[in-house]
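**Q** Coordinates only, no sequence provided:
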């Protein structure tokens, strides 16, 4: 983890380490977490304060993650930690019906007697293991949507203890993953139930590795500098439920915790891309296909036939401009001198994901479609996902940067802005430095 990451979040989280502030109790309008992009892994990292005494923990943000899981094997020490005993209401809420006993004589977080368990998953490397369900204090900053406010706490926040080896492939210094997925014990669900706020959350990821994006839990406004309330410019599309779990491991059949949307076709330069197998765009009976949104996939991944159709059509729209050598993992690359730079990126053909009808489109402009891999070269930022991926289209982190996405779980819909650069602001422009 870079030193700039720690420095930029230091002031924000010094407040939350104050016991007096942590005990502040009021009904918050909404909550917020800061998010930064790790330059080494291209993953997104946030922080929570957990335990007694409160300790700050760096966590990888996982949009489709089932719950919060933390490495309890190294250094997790808290007087307020409580294991979830088998058959308890906590286990029932989490859907944890497996009962385990730790082989060690001494109990500790992650190693308790007669405790129910779940399967924490590192979704970056698709690895899962068994882990104890428990609860502890978690504190988080409140907000009115304009500025950060007082610190509030959840005294018995459910999470899963995981072993250290599950951190493989995650950014240096993180202690686990913060899951925002469609489960009863994900961060949005737990914050909503405890504080009585609407079951809505919004993410706004910044492209700048030295900037700070934000996750809001609760309704708008979502106010950014330059007097922009992103909640006023949302377009909506239904959130689809994949009835089959996409997790690496689970104890019983359950629906996927990932967020799926219904892409019906793809347009480039306002022209529908031909030769896309429409059946791949739907979720079949086995839970395969469809389109999901991910914060742990750096770039959008397309099933091979979709990838070939999109890249070929995109290149045809720029037929007068020569390509240059590929830069893995990208294939279609150009010299940047052939393009004008605009407020919303290089002036390349826009890519539209057509949703429930032809008038509802998620438009991907140059800032989110082209990746500059050197001073001279930029490439189309889509990756070939192979012939038989579990999900046909995975919209990756790069494509959602500086787009605000609102997940309304009560209405089962996604609100999206497309690029905030059009409105002369970015996801790095939330005012974290004021609580007035």
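**A** Perfect, I can see it now. Note that this is a predicted model, so its numbers are computed, not measured. Residues are numbered from 1 along each chain as shown.
**Q** and residue 211, what helix or strand is that in?
**A** Under the criterion DSSP states H and E, no helix or strand holds residue 211.
**Q** which stretches of the stretch 201-350 of the chain have low pLDDT?
**A** Scanning the stretch 201-350 of the chain for pLDDT under 70 picks out 227, 251.
**Q** if we go to 90?
**A** 208-210, 225-229, 231-233, 247-254 (pLDDT under 90).
**Q** Next secondary structure element downstream of the longest strand seen in the chain?
**A** If you go by DSSP state E, the chain has its longest strand at strand 148-162. Counting by DSSP H and E, the next helix or strand C-terminal to strand 148-162 is strand 176-179.
**Q** For that next one, which helices and strands make contact with it?
**A** strand 55-62, strand 69-71 (3 or more CB pairs under 8 Å, 6 or more residues apart in numbering; DSSP states H and E). (C-beta placed from N, C-alpha, C; glycine too.)
**Q** among the ones you listed, which is the most enclosed?
**A** Of all these, strand 69-71 has the most neighbours on average by mean count of other CB atoms under 10 Å, namely a mean of 25.
**Q** strands paired with it, and their directions?
**A** strand 148-162 (parallel), strand 176-179 (antiparallel) (DSSP bridges).
**Q** next helix or strand past that strand?
**A** strand 82-83.
**Q** Which parts of the stretch 201-350 of the chain are strands?
**A** Along the stretch 201-350 of the chain, the segments classed as strands by DSSP state E, counting those that start in this stretch run 213-217, 223-224, 228-229, 235-240, 259-261, 265-268, 271-272, 291-293, 300-302, 323-324, 333-335, 341-342, 345-346.
**Q** Now the helix or strand encompassing residue 141: buried residues?
**A** Taking DSSP H and E as the definition, residue 141 sits inside strand 131-143. Neighbour-count burial for strand 131-143 flags 131-143 (criterion: 16 or more other CB atoms under 10 Å).
**Q** For this structure, which residue occupies the most central location?
**A** Residue closest to the average C-alpha location in the chain (CA atoms, centre = their mean): residue 63, at 3.1 Å.
**Q** how is the protein carved up into domains?
**A** 3-223, 230-429 (automatic domain parsing).
**Q** Any chance you could list what contacts the longest helix anywhere in the chain?
**A** Identified as the longest helix of the chain according to DSSP state H is helix 304-317. For helix 304-317, the surrounding residues in contact (CB atoms under 8 Å, 6 or more residues apart in numbering) are 266, 268-269, 271, 273-277, 280, 302, 323, 331-332, 348-349, 351, 380, 382-387, 392-393.
**Q** for it, which positions count as buried?
**A** Buried residues in helix 304-317 (16+ other CB under 10 Å): 306, 307, 309, 310, 311, 313, 314, 315.
**Q** now the contacts of helix 304-317: which count as buried?
**A** 266, 268, 273, 276, 280, 302, 331-332, 348-349, 351, 380, 382-385, 392-393.
**Q** and the nearest residue to residue 276 once chain neighbours are set aside, how far is that from residue 207?
**A** Leaving out its chain neighbours, the residue that sits closest to residue 276 by CB to CB, 6 or more residues apart in numbering is residue 309, at 5.2 Å. Noted for residue 309: a distance of 27 Å to residue 207, by CB to CB, to the nearest Å.
**Q** And residue 80, by the same measure?
**A** 38 Å.
**Q** Which one of those two is surrounded by more residues?
**A** residue 207 (17 against 14; other CB atoms under 10 Å).
**Q** correct me, but that one touches residue 402?
**A** Yes. With contact defined as CB atoms under 8 Å, residue 207 reaches residue 402; the gap is 5.8 Å.
**Q** which residues do those two both contact?
**A** By CB under 8 Å, 6+ apart, residue 207 and residue 402 have these common neighbours: 367, 426, 427.
**Q** Most neighbours among these, which one?
**A** Going by other CB under 10 Å, residue 427 tops those with 26 neighbours.
**Q** beta partners of the residue nearest to that residue when sequence neighbours are not counted?
**A** Leaving aside its sequence neighbours, residue 427 sits nearest to residue 204 (CB to CB, 6+ apart; 3.7 Å). Taking DSSP bridges, one obtains residue 214, residue 404 as the residues bridged to residue 204.
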